[in-house]
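>>> below are the sequence and a predicted model; questions follow.
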Amino acid sequence: MSEKLWGGRFSSATDARANDFQSSIRFDARLYRQDIAGSVAHASMLGRQGIIPANDAAAIVTALKALLADIEDGKAEFSVDAEDIHMNIEKLLTERIAAGTTASAAAADTSAADAGKRLHTARSRNDQVALDLRMYLKDEIAEITGQLAELVSTLLRLAAGHTATIMPGYTHLQRAQPITLAHHLMAYVEMYLRDADRLLDCRGRTDVMPLGAGALAGVTYPVDRQFVADALGFPAVSQNSLDAVSDRDFVLELLSCLSILMVHLSRSAEELVLWSTLEFGFIEMDDAYSTGSSIMPQKKNPDVAELIRGKSGRVFGDLFALLTVMKGLPLAYNKDLQEDKEAVFDAVDTVRLCLPVYTQMLATMKIHKEAMYLAAQKGFANATDFADYLVKKGLPFRDAHEVTGRLVLHCIGEGLAIEDLSLAALREFSGVVGEDVYDAISLEACLAARNGVGGPAKEAVEAAISGAAGRLEALRVSLSQIKPQKE
Ligand code: ARG
């Protein structure tokens, strides 16, 4: 038998460099569990359908399970010569059964010794790799969504403690109107809950069983696709053989979901970097999540936040790499598709690395409420409320805007806040101003007035927190209902 499992048609060996070049075992070895589980289900089906002898199917299943244990114990070695994980597993299995290393092959009958060679009946690596990747990503998506749930739960806890922690809200990075830290954190809770939704939605479309599509046009054996789907915990089987082996939408979709998630993480990370500067002074990272400088002894750098911001770039890169690979690819399978793996593995690894460290960094940072309050007091964050006060006293909004603008200009010149001016001084700008103005433009009043759904007032934010807690609970229920994938 030729060295290669497909060697029959070839009269000379693959060039060593070309062999290394096209081999994917370096990065697809991580699919060994899914590959073995898929083969166990496939072999069982072949035996049940009488496509291969039942005792060969049993020998394959036993040997695959033993092989899995050996791989996990580091007792099996993969080689580049066998190209990819699929052929490595098949080769090891075939050799082991032939060598009689497993109980069932001990019976010295040639058919049993050949059992391993029957595994690939009615299957192609094209449908096999699609199956393995779908199974792998289903698990990764559940993992990442679980990490997101932890992040949301940490944010909810933080927010609940800061519904009265006043800070400036910004537009154009200029102090704009007063909000609370809780309100700001809850903006991210909304984003992360949508990220989780998107991921589970994408998981649903990943949850389709492609085996039976063969190389591209189905198989000629009486396979039972539903049996394989049930055995592996898939709710559906693919409906077009060409699509099943060449579709990578589910990978692109996951990369998009992860990219959007990284956008959210990087925006928040950037804010934390800003907030931890001397200029802002809103927060201080815990020592455990900062590093020093090798030359400047005074430095405490928010490296973790910076690195999360930076790592978003590689996840976007992974998405673009695969979009570019897919664009213009004719149906059905092309070897280009092998490039999907490094991209998506890098993206899931990166996100799985970022989420827990980010969550811990948030949970441990120190929050300087006074600095936040001071910043809210200083930047005329109540100017809109002063204008609104004038409107409530009868001025048209445009006039109120103009009057307040002139007042702010005056205050800037004097180095004062609006509320520092006497009633007489304020009345110079508009006769409608009365004693009640001071209560109307206090930071606390500005916030309390914004009590509509989605607003920053304490009760509105408390309602948002309890609504989000309910959605988090529902997310956790969905996650707990995800069936563990069978071996
Ligand atoms: N290693 C290949 C991949 O990752 C498996 C499928 C190969 N199929 C083929 N006909 N060469 O896509």
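Structure's in. What do you need?

>>> please enumerate the strands of the stretch 151-300 of the chain.
Using DSSP state E, counting those that start in this stretch, the strands of the stretch 151-300 of the chain run over residues 166-171, 174-180, 208-209, 236-237, 283-284.

>>> okay, these in TSV with distance to the ligand and mean pLDDT next?
(Each C-beta comes from the backbone N, C-alpha and C, glycine too.) Output for these, formatted as TSV (distance: least, Cβ to the nearest ligand atom, whole Å; pLDDT from 0 to 100):
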stretch	distance to the ligand	mean pLDDT
strand 166-171	47	96
strand 174-180	49	95
strand 208-209	17	98
strand 236-237	20	98
strand 283-284	45	96
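
>>> dump those into TSV; add mean neighbour count as well.
Shown next, in TSV, are the strands of the stretch 151-300 of the chain (neighbours: other Cβ atoms under 10 Å):
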stretch	mean neighbour count
strand 166-171	19
strand 174-180	20
strand 208-209	24
strand 236-237	14
strand 283-284	18
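
>>> mind checking which of these is nearest residue 8?
strand 208-209 (29.6 Å; Cβ to Cβ).

>>> could you verify that residue 333 is part of a strand?
No. Counting by DSSP: H, G, I helix; E, B strand; the rest coil, residue 333 is not part of a strand but coil.

>>> distance of it relative to residue 296?
From residue 333 across to residue 296, the span is 55 Å (Cβ to Cβ, to the nearest Å).

>>> tell me how far residue 363 lies from residue 443.
Residue 363 is 27 Å from residue 443, by Cβ to Cβ.

>>> hmm, back to that, quick one: closest of the strands of the stretch 151-300 of the chain to residue 250.
Nearest to residue 250, of those and by Cβ to Cβ, is strand 208-209 at 8.1 Å.

>>> most distant residue from the centre of the chain?
Going by Cα atoms, centre = their mean, the residue of the chain most distant from its centre is residue 424, 57.6 Å out.

>>> phi, psi for that one please.
Main-chain dihedrals, residue 424, degrees, to the nearest 10: phi -60, psi -40.

>>> and residue 241, what does it touch?
Going by Cβ atoms under 8 Å, 6 or more residues apart in numbering, residue 241 touches 212, 213, 214, 216, 217, 218, 332.

>>> leaving out chain neighbours, which residue sits closest to the residue of the stretch 251-400 of the chain found nearest the ligand?
The nearest approach of the stretch 251-400 of the chain to the ligand comes at residue 338, 3.7 Å away (Cβ to the nearest ligand atom). Closest residue in space to residue 338, ignoring its immediate chain neighbours: residue 24 at 5.3 Å, by Cβ to Cβ, 6 or more residues apart in numbering.

>>> burial measure for that neighbour, as a count.
When neighbours are counted by other Cβ atoms under 10 Å, residue 24 registers 20.

>>> before we move on, back to that, neighbour count winner among residue 363 and residue 443?
Using other Cβ under 10 Å, the more surrounded residue of residue 363 and residue 443 is residue 443, with 19 against 15.

>>> I figured the more buried one hits residue 177, correct?
No. Look at residue 443 against residue 177 with Cβ atoms under 8 Å: they stay out of range, at 9.9 Å.

>>> shared neighbours, these two?
381, 382.

>>> against residue 421, how distant is residue 427?
On the measure of Cβ to Cβ, residue 427 and residue 421 end up 10 Å apart.

>>> picking up where we left off before, contacts only, for the residue nearest to residue 338.
83, 84, 85, 338, 341.

>>> gap between it and residue 364?
In this view, residue 24 and residue 364 are 40 Å apart by Cβ to Cβ.

>>> residue 249 now?
Applying Cβ to Cβ to residue 249 and residue 364 gives a distance of 39 Å.

>>> residue 117: neighbour count?
18.

>>> check whether the top helix by length along the chain comes near the ligand.
Longest helix of the chain, by residue count under DSSP state H: helix 125-160. Yes. Counting by Cβ under 6 Å from any ligand atom, the ligand is contacted by helix 125-160 at 125, 126, 129.

>>> most neighbours of all those residues, which one?
When neighbours are counted as other Cβ under 10 Å, the busiest of the residues of helix 125-160 next to the ligand turns out to be residue 129, with 26 neighbours.

>>> ok, that residue - contacts?
28, 84, 86, 337, 338.

>>> return the subset of these lying in helices.
Using DSSP H, the members of the contacts of residue 129 that fall in helices are 28, 86.

>>> and which of the contacts of residue 129 is nearest residue 148?
residue 28 (26.6 Å).

>>> surely the closest one meets residue 339?
No. When contacts are counted by Cβ under 8 Å, residue 28 is not listed as touching residue 339 (11.4 Å).
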